[in-house]
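In: could you look at this predicted model? Sequence included:
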Amino acid sequence: MRGSWFNLNRRTVQRFKQLAITPAGSLRINLLLLCCVGFTLVLLASLASSSIGWSYDRASDDRFSDSRKGYAILINTWKRNDLLKQSIAHYSKCQGLDSIHIVWSEPDPPSDSLKKYMNHVITSNSIGGRTIELKFDINKEDSLNNRFKPIPDLRSDAVFSIDDDVIFRCSSVEFAFHVWRSAPDAMVGYVPRIHSLDQKSGSRDHYMYGGWWSVWWTGTYSMVLSKAAFFHKKYLSMYTNEMPASIREYVTRNRNCEDIAMSFLVANATDAPPIWIKGKISEIGSTGISSLGGHSEKRTRCVNRFVAEYGKMPLVSTTMKAVDSRYTWFW
Ligand SMILES: *[C@@H]1O[C@H](CO)[C@@H](O)[C@H](O)[C@H]1NC(C)=O
């Protein structure tokens, strides 16, 4: 066995030598080289096509010149002007952005220097016949419900609700926007959460709120948080005018769970799960409330309270995740 293997090997080596020397051999080497070159070309072509696809996508963004087809950013901020400036400077570069609404609940109105900075950023990014509208929605009362107040005369149907400390690349935001347009009744967002039945508790209908780890472990989710989500503007007026007032009062009192309340509202209206978008989240600034202790117990209490208000559990679980297929070439 060994010998024959060795002989074979020797023969191969000899043949290789022959190949390299004889004209016939160089032909085969050339063929091999040609294959390599061909493979490289295919690889380059596929890379190029993805970049062509990208520029094609850019070119076809004319469709956003119809302002009803764009989206509004609804940004919630609280005494973090530096973060707000960063966010606005970033998002105002995004195609398809139609207007920016800053939910302002601080006791002092926005300073002149902040307004000046914002206007400067907006005008320098309003190129190519695009005008971005900027509005501060000033609230007297400091309540988390403020972030879901209906916006009068909103040009676009789509609202991109975002916290002041999360940044997504424009390409990712546009992808989420396209997903939303294919399902405009759904909430489409980047931060999934899950509810589950509490097995330990004695009562049958006690639910638990599951954070990032639960979603990661089960691959299942039933909410996307409004810290980074697209939804239809109609849900703003439903939240403010149609949702039971007791839920809004609970949110104000507990300074928490407006996002869960919104998830309940949309789930109850659609009988369908939200849509989770794959996207890389960059948090700027310090950590939010989710890192404080006792957060998950508070959230669990909210879920059970809202279930009682609705008289049922409206949330629907799913395992579907929307990804941009241009960036997933292993599948
Ligand atoms: C849930 O949806 C149903 C059907 O659309 C509606 O009648 C009901 O008022 C909603 N419940 C709440 C608490 O909003």
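Out: Good, I have the coordinates. These numbers were taken from a predicted model, which means no experiment stands behind them. Numbering: from 1, shown residues only.

In: in the stretch 151-300 of the chain, which residue sits nearest the ligand?
Out: residue 268 (3.8 Å; CB to the nearest ligand atom). Backbone N, C-alpha and C define where each C-beta goes, glycine included.

In: pretty sure that residue belongs to a strand, no?
Out: No - assigned with DSSP: H, G, I helix; E, B strand; the rest coil, residue 268 falls outside any strand and is helix.

In: was I right about it contacting residue 313?
Out: No - using CB atoms under 8 Å, residue 268 is not in contact with residue 313; the gap is 9.8 Å.

In: can you show me the helices along the stretch 101-250 of the chain?
Out: Assigned by DSSP state H, counting those that start in this stretch, the helices in the stretch 101-250 of the chain fall at 112-125, 170-182, 212-218, 234-237, 245-254.

In: ok, now which ones touch the closest residue to residue 90 other than its chain neighbours?
Out: Nearest non-adjacent residue to residue 90, counting by CB to CB, 6 or more residues apart in numbering: residue 167, 5.5 Å away. Contacts for residue 167 (CB atoms under 8 Å, 6 or more residues apart in numbering) come out as 86, 87, 90, 281, 282, 283, 284.

In: who wins for most neighbours among the residues you listed?
Out: residue 87 (24 neighbours; other CB atoms under 10 Å).

In: OK, contacts around it?
Out: By CB under 8 Å, 6+ apart, the contact list for residue 87 reads 75, 162, 164, 165, 166, 167, 284.

In: which of the residues you listed count as buried?
Out: Listed as buried from those are 75, 162, 164, 165, 166, 167; burial here means 16 or more other CB atoms under 10 Å.

In: mind listing what the closest residue to the third one other than its chain neighbours touches?
Out: Read that as residue 164. Leaving aside its chain neighbours, residue 164 sits nearest to residue 77 (4.1 Å; criterion: CB to CB, 6+ apart). Residue 77 makes contacts with 83, 84, 102, 103, 104, 164, as judged by CB under 8 Å, 6+ apart.

In: so which of these comes closest to the ligand?
Out: Ranked by distance to the ligand (CB to the nearest ligand atom), the contacts of residue 77 are led by residue 103 at 22.8 Å.

In: ok, back up a step: could I get the phi/psi values of the residue nearest to residue 164?
Out: When read as degrees, to the nearest 10, the backbone of residue 77 gives phi -140, psi 160.

In: and residue 277, what does it touch?
Out: Residue 277 neighbours (CB under 8 Å, 6+ apart): 172, 175, 176, 179, 188, 189, 190, 321, 322.

In: got any ranges where the stretch 151-300 of the chain has weak pLDDT?
Out: Counting by pLDDT under 70, the low-confidence segments of the stretch 151-300 of the chain come to 201-203, 286-294.

In: one more time with 90
Out: Scanning the stretch 151-300 of the chain for pLDDT under 90 picks out 153, 155, 198-205, 279-296.

In: show me the strands in the chain, by range?
Out: Secondary structure of the chain (DSSP state E): strands at 71-77, 97-104, 133-138, 158-163, 166-167, 188-189, 192-197, 207-210, 223-224, 228-232, 275-277, 282-283, 321-322.

In: for those strands, give me TSV that also has distance to residue 308.
Out: Formatted as TSV, the strands of the chain follow (distance: least, CB to CB, whole Å):
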stretch	distance to residue 308
strand 71-77	27
strand 97-104	28
strand 133-138	31
strand 158-163	26
strand 166-167	31
strand 188-189	25
strand 192-197	14
strand 207-210	11
strand 223-224	17
strand 228-232	24
strand 275-277	27
strand 282-283	33
strand 321-322	31
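
In: pick the most buried one from the helices of the stretch 101-250 of the chain.
Out: Highest mean neighbour count of the helices of the stretch 101-250 of the chain: helix 170-182, a mean of 20 (counted as mean count of other CB atoms under 10 Å).

In: who are the packing partners of that helix?
Out: Other helices and strands packing on helix 170-182, by 3 or more CB pairs under 8 Å, 6 or more residues apart in numbering; DSSP states H and E, are helix 81-91, strand 158-163, strand 188-189, strand 228-232, strand 275-277.

In: give me the angle between that helix and strand 71-77.
Out: Per axes from the mean of the first three to the mean of the last three CA atoms, to 10 degrees, the angle that helix 170-182 makes with strand 71-77 is 120 degrees.

In: okay, helix 170-182 in PDB with CA atoms only?
Out: The C-alpha trace of helix 170-182 is given here as PDB (Å, rounded to 0.1, in the frame of the first residue of the first chain):
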ATOM      1  CA  CYS A 170     -28.700  55.100   6.800                       C
ATOM      2  CA  SER A 171     -28.600  52.000   4.600                       C
ATOM      3  CA  SER A 172     -30.000  50.000   7.500                       C
ATOM      4  CA  VAL A 173     -32.700  52.600   8.200                       C
ATOM      5  CA  GLU A 174     -33.700  52.600   4.600                       C
ATOM      6  CA  PHE A 175     -33.900  48.800   4.600                       C
ATOM      7  CA  ALA A 176     -36.200  48.900   7.600                       C
ATOM      8  CA  PHE A 177     -38.300  51.500   5.900                       C
ATOM      9  CA  HIS A 178     -38.700  49.300   2.800                       C
ATOM     10  CA  VAL A 179     -39.700  46.400   5.000                       C
ATOM     11  CA  TRP A 180     -42.300  48.600   6.700                       C
ATOM     12  CA  ARG A 181     -43.600  49.700   3.400                       C
ATOM     13  CA  SER A 182     -44.300  46.000   2.600                       C
END
